[in-house]
Every structure is written in C-alpha cells, then in structure tokens.
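Enquirer: fold the following.
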Amino acid sequence: MIITHLNDAARYNTLHPRFEQAFDWLREHDGSTASYRSTASPGRIDIDGENLFVMYNIGQGEGREGIVLEAHRRYLDIHFSIEGVEELGWKSTPHCAQRKTSYDENSDVEIFEDAPESWSTLPAKTLAIVWPEDAHAPMCGIGPVRKYVVKVLLEE
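Expert: Numbers count the residues shown, from 1 in each chain. Have a look, this model is predicted:
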C-alpha cells in the first residue's frame with residue numbers, strides 16, 4: 001500500500017498506465033469547488049468504462065471494532081479522502097488465514113476475518129493506493145467521511 005498526498009501522486013504515474021488519468025481526475029474533482037459539492041451524489045462515476053471508474057461514498061466511519069478486511073484481484077483501489085478523516089486497516093493478503101468469504105469474481109472481492117496488522121490515517125486530500133496484495137478495511141475512522149475509491153483495472 002502506498003500513502004501519499006494528491007499533490008505528490010504524479011510521482012507514481014509510472015507504476016500503472018492508468019494512474020496519470022486517475023490522478024488527473026482526482027485533482028479536477030477533489031471536492032473543493034462549490035459547484036461540485038452541490039451536484040455530486042454517491043455512486044459510480046465512469047471515467048473509462050470498466051478500465052477506470054470511481055465509487056463516490058459518503059458515510060460515517062465505523063471505527064475499528066468488528067471490521068473485516070477485503071481484497072480485490074482484478075482491480076486495484078485508490079482510496080481518496082475528500083472530507084473527514086478516513087482510516088484504513090491493512091494486512092498482507094498472502095498472510096491472511098481466516099477467509100470469511102471466498103473470492104467472488106463478479107464483485108471482485110474476498111473477505112477475511114483476520115485483524116489488521118497496521119492502521120493508516122488518510123486526512124483530506126490524501127490517498128492510498130491499494131494493490132491486490134493489500135487486504136484492507138476501509139471506513140474505520142470516526143465521524144463523517146466523503147471519499148472516492150478509484151477502481152483501476154489491472155489487466156490490459
């Protein structure tokens with residue numbers, strides 16, 4: 001998992017051919033404009049069809065109690081905190097032993113019962129790049145959070 005500020009994200013453009021487009025989109029839609037705040041609603045936002053899209057979420061942080069780790073195989077995630085403080089739990093997927101659900105190809109998710117090994121805080125305008133090797137537990141902060149999860153297809 002990589003954690004960085006949006007201003008520094010371009011440093012990682014070479015890690016995936018769709019990162020530049022994803023980071024450009026985040027800079028253009030970082031939630032700082034009044035027109036954006038009045039028109040955006042939660043849900044899916046297409047950038048490049050199934051290759052690159054965004055899930056826009058508004059919710060309450062659920063805290064660390066009773067969380068589950070999730071992992072994906074076809075997509076990597078870029079979690080971007082717009083407002084509030086997001087907190088992510090993390091554990092290396094190969095070290096997860098307690099599967100709660102097996103991998104679901106349709107939803108591209110598998111769920112683990114393992115506890116996170118570490119926690120990362122994402123203040124506003126900060127992002128985390130989450131690879132398939134990163135089992136993660138999102139929305140573990142406390143209080144209201146507005147965030148994007150950019151879904152980046154791994155296969156060409």
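
Enquirer: what about the strands in the chain?
Expert: Ranges of strands in the chain, per DSSP state E, are 2-5, 43-48, 52-62, 69-71, 75-83, 86-92, 99-104, 109-112, 118-122, 126-130, 134-137, 142-153.

Enquirer: by mean pLDDT, show me the worst of these.
Expert: For the strands of the chain, mean pLDDT drops lowest on strand 99-104, to a mean of 90.

Enquirer: returning to that earlier point: would TSV of the strands of the chain with mean neighbour count be doable?
Expert: Heads up, the C-betas are built off the backbone N, CA and C, glycines and all. Shown next, in TSV, are the strands of the chain (neighbours: other Cβ atoms under 10 Å):
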stretch	mean neighbour count
strand 2-5	14
strand 43-48	12
strand 52-62	16
strand 69-71	23
strand 75-83	23
strand 86-92	21
strand 99-104	12
strand 109-112	19
strand 118-122	15
strand 126-130	23
strand 134-137	23
strand 142-153	19
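
Enquirer: reformat those strands as JSON lines; add distance to Y12.
Expert: Formatted as JSON lines, the strands of the chain follow (distance: least, Cβ to Cβ, whole Å):
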{"stretch": "strand 2-5", "distance to Y12": "6"}
{"stretch": "strand 43-48", "distance to Y12": "17"}
{"stretch": "strand 52-62", "distance to Y12": "15"}
{"stretch": "strand 69-71", "distance to Y12": "20"}
{"stretch": "strand 75-83", "distance to Y12": "10"}
{"stretch": "strand 86-92", "distance to Y12": "17"}
{"stretch": "strand 99-104", "distance to Y12": "26"}
{"stretch": "strand 109-112", "distance to Y12": "24"}
{"stretch": "strand 118-122", "distance to Y12": "15"}
{"stretch": "strand 126-130", "distance to Y12": "7"}
{"stretch": "strand 134-137", "distance to Y12": "14"}
{"stretch": "strand 142-153", "distance to Y12": "11"}
